[in-house]
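K.L.:
predicted structure and sequence below. I'll ask about it afterward.
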Number of protein chains: 2
Amino acid sequence: MSARQSRQGAKLYSISELSELYDITSRTLRHYEDMGLLLPERRGQQRFYRERDRVRLQLILRGRRLGFGLREIQEMLDLYDADPTEITQLQEVIRRGDAKLQELQSQVEELQTIIAEIIALRTKMERRLQKIKTGRQE
Amino acid sequence: MSARQSRQGAKLYSISELSELYDITSRTLRHYEDMGLLLPERRGQQRFYRERDRVRLQLILRGRRLGFGLREIQEMLDLYDADPTEITQLQEVIRRGDAKLQELQSQVEELQTIIAEIIALRTKMERRLQKIKTGRQE
DNA sequence: TTCCTTGTTGACGTAAACGTAAATTTACGG
DNA sequence: CCGTAAATTTACGTTTACGTCAACAAGGAA
């Protein structure tokens, strides 16, 4: 029916292709798989990663850069994966999403606090710099 | 006179006072000291933390919540501690501050990307929820 | 076929950030 | 002065997130 679903020409990545693409090692990809974060196709023994896996990997790496643990990232991916049919399940997903949103928001706030402080420091240093410079030229 | 004070009423915290204040263990405080992030006073063998140490601790813990490593936090604290007299040193501090600002800004952006995605997901789930609910009532 | 590249499964190693237990002081209220 | 709570050092343990071999299999190019 849907021509969009598994197209014949959908690109598959080998483990080295994908690792080079994101500048990580293949060990990392296997590790994420061990942790249940990725589930690439298998053709024989070899792994082949679909677009879906690549997108998940992007999310994982972004989470890592932000300091989240793999477990935590797993939970966030679960939100995306969830396809709940029952009302209570839907509500639960929404609830967990909202909880995560709170965390993320306060993280943004803390980051902006630090940013403001560094900017203030920068201003201070700039002023001191100007003072020294003009002092020199007298 | 219950609280221990030094000159001018500056409060000194014992290790347990400070750890309870921030809900961390004394081990953590000693660890931060081993890593060179804190340098409390010593009276005999015992540690006594000044306001300055408390503020630094706050910064450290905020950094940790944001996923920074202790080394990285150390570098950021160095920015605050720096009291450069030479122009080149001043410029270096400003340069490093700006570099850190770039990092922090992009971190905010990545967080906001995630936030937007979760909100979109939430909207989708909400819609689905309404569908099911109205469907039921027919 | 043979060689080379790529990939696979163990399995042990490591760095960071503490946890935790042991053995000893040190400080302080009664 | 004494007992107990609080601190100290020392040192091995733990968790997370991979790094780093080793040993082996499999597919492709020459």
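P.N.:
Yep, that arrived. Numbers count the residues shown, from 1 in each chain, chains lettered A, B, ... in the order given.

K.L.:
state the helix or strand in which the closest residue to A:Gln105 other than its chain neighbours lies.
P.N.:
Using CB to CB, 6 or more residues apart in numbering or on different chains and skipping residues adjacent in sequence, the residue nearest A:Gln105 is B:Ile115, 6.9 Å away. C-betas here are computed from N, CA, C, even on glycine. Per DSSP states H and E: B:Ile115 is located in helix B:87-137.

K.L.:
tell me the average confidence for stretch A:65-74?
P.N.:
The average pLDDT for stretch A:65-74 rounds to 97.

K.L.:
domain map for chain A?
P.N.:
A:10-70, A:82-138 (automatic domain parsing).

K.L.:
of those domains, which is nearest B:Leu111?
P.N.:
Minimum separation from B:Leu111 across those (CB to CB) falls at domain A:82-138, 5.2 Å.

K.L.:
any idea how far that closest one is from the chain center?
P.N.:
Distance, stretch centre to chain centre, for domain A:82-138: 17 Å (CA atoms, centre = their mean, to the nearest Å).

K.L.:
tell me the pLDDT of A:Gln5.
P.N.:
37.

K.L.:
which bits of chain A sit near DNA strand C?
P.N.:
Counting by CB under 7 Å from any atom of the strand, the residues of chain A lying close to DNA strand C are A:Ser14, A:Ile15, A:Ser16, A:Glu17, A:Ser26, A:Arg27, A:Arg30, A:Gln45, A:Gln46, A:Arg47.

K.L.:
kindly confirm my reading that the fourth one forms part of a helix.
P.N.:
Yes - the assignment for A:Glu17 (DSSP: H, G, I helix; E, B strand; the rest coil) places it in a helix.

K.L.:
burial of it, as a residue count?
P.N.:
The local packing count at A:Glu17 equals 13, with neighbours defined by other CB atoms under 10 Å in any protein chain shown.

K.L.:
list the contacts of it.
P.N.:
Listed by CB atoms under 8 Å, 6 or more residues apart in numbering or on different chains, the contact set of A:Glu17 is empty.

K.L.:
distance to B:Arg56 for the domains of chain A - can I get that in JSON lines?
P.N.:
JSON lines is the format used below for the domains of chain A (distance: least, CB to CB, whole Å):
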{"stretch": "domain A:10-70", "distance to B:Arg56": "20"}
{"stretch": "domain A:82-138", "distance to B:Arg56": "13"}
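
K.L.:
point out the most buried one among those.
P.N.:
The highest mean neighbour count among the domains of chain A, using mean count of other CB atoms under 10 Å in any protein chain shown, belongs to domain A:10-70: a mean of 15.

K.L.:
pLDDT at the residue nearest to A:Gln105, what is it?
P.N.:
In the predicted model, B:Ile115 carries a pLDDT score of 98.

K.L.:
give me the distance between it and A:Glu103.
P.N.:
Computed with CB to CB, to the nearest Å, the distance linking B:Ile115 and A:Glu103 is 10 Å.

K.L.:
can you classify A:Arg47 by secondary structure?
P.N.:
Using three-state DSSP, the secondary structure recorded for A:Arg47 is strand.

K.L.:
ugh, wrong one, A:Gly36
P.N.:
For A:Gly36, the secondary-structure state derived from three-state DSSP is coil.

K.L.:
how close does A:Gln74 sit to B:Ile119?
P.N.:
Relative to B:Ile119, A:Gln74 is positioned 20 Å away (CB to CB).

K.L.:
ditto for A:Arg71
P.N.:
23 Å.

K.L.:
repeat for A:Tyr80
P.N.:
As judged by CB to CB, A:Tyr80 and B:Ile119 stand 13 Å apart.

K.L.:
contacts (any at all) between chain B and stretch A:72-88?
P.N.:
Yes - using CB under 8 Å from any CB of the partner chain as the criterion, contacts between stretch A:72-88 and chain B involve A:Met76, A:Leu79, A:Tyr80, A:Pro84, A:Ile87.

K.L.:
which ones among the residues you listed are found in strands?
P.N.:
Using DSSP state E, no member of those falls in strands.

K.L.:
turn those residues into CSV, including distance to DNA strand D.
P.N.:
What follows is the residues of stretch A:72-88 next to chain B, written out as CSV (distance: CB to the nearest atom of the strand, whole Å):
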residue, distance to DNA strand D
A:Met76, 12
A:Leu79, 17
A:Tyr80, 18
A:Pro84, 26
A:Ile87, 33
